[in-house]
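Colleague: Fold the following, please.
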Amino acid sequence: MNYEVVPFISVDRARRPIYHTNVMMSVGTSVAVVCAESIPDARQRAYVLDTLRTTGHEVVEISMDQVDRFCGNILEVENYYGKPVLAMSTSAYNAFTPDQLATLREHEEVIMDLAT
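Modeller: Predicted coordinates:
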């Protein structure tokens, strides 16, 4: 696996550093969910988005409000048949827009709504 480190700093709405990328971003096989507005440096933000797109990911941008509802804290797993399945909380599922969910469904076999 040829991974490339893409360093960046992300912050919450109070401008405090976000402690872990899974708060504001999730990267699956062919789709990535990212809160671009949480990356204050324009060059870093552009580099993150460009890298995701040039590595074949469709980018679904989420807002800070959606970060607060755990839309960045979702996980792609593989089911028994080797198909990608997207797991997320009920809060996250309900916070995605219909268009965002449609885009996610284009890439994932099933979206699981996990009660938390």
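
Colleague: Let me know whether Phe70 touches Asn94 as I believe.
Modeller: No - using Cβ atoms under 8 Å, Phe70 makes no contact with Asn94, being 10.0 Å away. Every residue, glycine included, has its C-beta placed from N, CA and C.

Colleague: Looking at the two, which is more packed in?
Modeller: Taking neighbours as other Cβ atoms under 10 Å, Phe70 and Asn94 compare with Phe70 leading, 19 against 12.

Colleague: And that one, how far from Ile62?
Modeller: 10 Å (Cβ to Cβ, to the nearest Å).

Colleague: And the pLDDT at the residue nearest the centre of the chain?
Modeller: Geometric centre of the chain, nearest residue: Val33, 2.3 Å, by Cα atoms, centre = their mean. On the pLDDT scale, Val33 is placed at 98.

Colleague: Make sure I have this right: it is in a strand.
Modeller: Yes - the assignment for Val33 by DSSP: H, G, I helix; E, B strand; the rest coil puts it in a strand.

Colleague: quick one, what contacts it?
Modeller: Val33 makes contacts with Met25, Ser26, Val59, Val60, Ile62, Cys71, Gly72, Ile74, Leu104, as judged by Cβ atoms under 8 Å, 6 or more residues apart in numbering.

Colleague: try 7 Å this time
Modeller: Residues in contact with Val33 (Cβ atoms under 7 Å, 6 or more residues apart in numbering) are Met25, Ser26, Val60, Ile62, Cys71, Gly72, Ile74.

Colleague: helices or strands up against the top helix by length along the chain?
Modeller: With DSSP state H applied, the helix covering the greatest number of residues in the chain is identified as helix 42-54. Under the contact criterion of 3 or more Cβ pairs under 7 Å, 6 or more residues apart in numbering; DSSP states H and E, helix 42-54 touches strand 31-34, strand 58-61.
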